[in-house]
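A.B. asks: no sequence on this one, just coordinates:
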């Protein structure tokens, strides 16, 4: 084996056996500062009975007078939510202002344009101005061609330019190649890279190797973090959508409040009229009995919906709590991988803002759940209050 091949082989061995942690940011300044568990605990409580809801919302006062514990807690929650939101938004705004300074819109645009033009792929495609003059089809064709060429000539690419070009144009082939590569053992992967190095007759210096490894790590960090953000956000959305669907489903089952209102109107129309003063009105005694009967039906219906909703609410809170735990755990373990550099927004490797958006999504979900709890408890309390008023009116 000649000297050049020995150097290539040594490079591959180092690639396989070296584990280096490249810290992109020592401590993300805007992340992990919100106590989501405390925020959940401060949200209005979803009661499981109409009696409990009435006590919570009206302090068992038939006229609902005095301070409402529900109202007080909901206002306290909204204030806390606002403070947390402002805290995160303020931190992001501070970083943005520190990065852009006092530059005006045109200066920021030109700076951004210059940064984009530094991208190797954009540069090979002719720059932002040239690309903007291309048709959509032209941009796609040039991007695929240059990306395939660019990727295949990387020192550690396991694929040839022809393979990369075909992968760009044939999604099914790309899947097959990716699956084949991912299922290989490390030695097989190294052999593929080695084969490409020998074909291209590439010598990799230590500096080139280190820079390449750093870039690979940066993009791996970006992919891992963005994947976590996407999957976690999707879990939250799916959990809340399922929760909302169940609420709507409960409220549309037979015997719901709308059906009870229609039934009451029909029954009320059957009450005989009696002389009352100068006119004729429905029989008061029969009308009171009907009102009390339907107030009780509404109360029972509200209790049934609360009981069903309570179980779904418990499941959703469990998902949210797990999401929060997973997020804090991910941040603890991957804090060193988070890139908070504002100048990396353009190339897509700033992951701090992606995680900040996830924090916003968690907060928004908690806010929506709190709002539902408030309205459902208020509604159940109203039905209990109406029943109590009719029951105590002689």
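C.D. replies: Great, that's in hand. The model shown is predicted, which means the values in this text are computed figures rather than measured ones.

A.B. asks: any chance you could map the strands in the stretch 151-300 of the chain?
C.D. replies: Secondary structure of the stretch 151-300 of the chain, counting by DSSP state E, counting those that start in this stretch: strands at 273-276, 279-282.

A.B. asks: ok now the last one, how far from the chain's centre?
C.D. replies: This means strand 279-282. How far strand 279-282 lies from its chain's middle: 59 Å, per Cα atoms, centre = their mean, to the nearest Å.

A.B. asks: Same check on stretch 272-287?
C.D. replies: With Cα atoms, centre = their mean, you get 59 Å for stretch 272-287.

A.B. asks: Just the endpoints, please. Distance across that stretch?
C.D. replies: For stretch 272-287, the separation between the terminal residues is 10 Å (Cα to Cα, to the nearest Å).

A.B. asks: any idea how far residue 86 is from the closest residue to residue 247 other than its chain neighbours?
C.D. replies: Nearest residue to residue 247 in three dimensions, chain neighbours excluded: residue 309, at 6.2 Å (Cβ to Cβ, 6 or more residues apart in numbering). Quick note: C-beta positions are derived from backbone N, CA and C, even for glycine. Residue 309 sits 31 Å away from residue 86, taking Cβ to Cβ, to the nearest Å as the criterion.

A.B. asks: do the same with residue 316
C.D. replies: From residue 316 to residue 86 the distance is 26 Å (Cβ to Cβ).

A.B. asks: Looking at the two now, which is surrounded by more residues?
C.D. replies: residue 316 (20 against 11; other Cβ atoms under 10 Å).

A.B. asks: wait, what's in contact with the more buried one?
C.D. replies: 239-240, 243, 369 (Cβ atoms under 8 Å, 6 or more residues apart in numbering).

A.B. asks: Can I get the residues you listed in JSON lines including distance to residue 358?
C.D. replies: Below are the contacts of residue 316 laid out as JSON lines (distance: Cβ to Cβ, whole Å):
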{"residue": "239", "distance to residue 358": "14"}
{"residue": "240", "distance to residue 358": "14"}
{"residue": "243", "distance to residue 358": "19"}
{"residue": "369", "distance to residue 358": "17"}
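
A.B. asks: The helix or strand encompassing the residue nearest to residue 247 - what's its average pLDDT?
C.D. replies: In this structure, residue 309 sits in helix 284-334 according to DSSP states H and E. When pLDDT is averaged over helix 284-334, the result is 94.

A.B. asks: From residue 284, how far out is the residue of the chain positioned farthest from its centre?
C.D. replies: Note on the chain: the largest C-alpha distance from the chain mean falls to residue 278, namely 64.8 Å (Cα atoms, centre = their mean). Relative to residue 284, residue 278 is positioned 16 Å away (Cβ to Cβ).

A.B. asks: Do I have it right that residue 288 meets residue 391?
C.D. replies: No. If you go by Cβ atoms under 8 Å, residue 288 and residue 391 don't touch, sitting 10.0 Å apart.

A.B. asks: center of this structure, which residue is that?
C.D. replies: residue 233 (2.8 Å).

A.B. asks: roughly how far apart are that residue and residue 328?
C.D. replies: 16 Å.

A.B. asks: try residue 265
C.D. replies: 53 Å.

A.B. asks: The two - which one has more neighbours?
C.D. replies: residue 328 (14 against 10).
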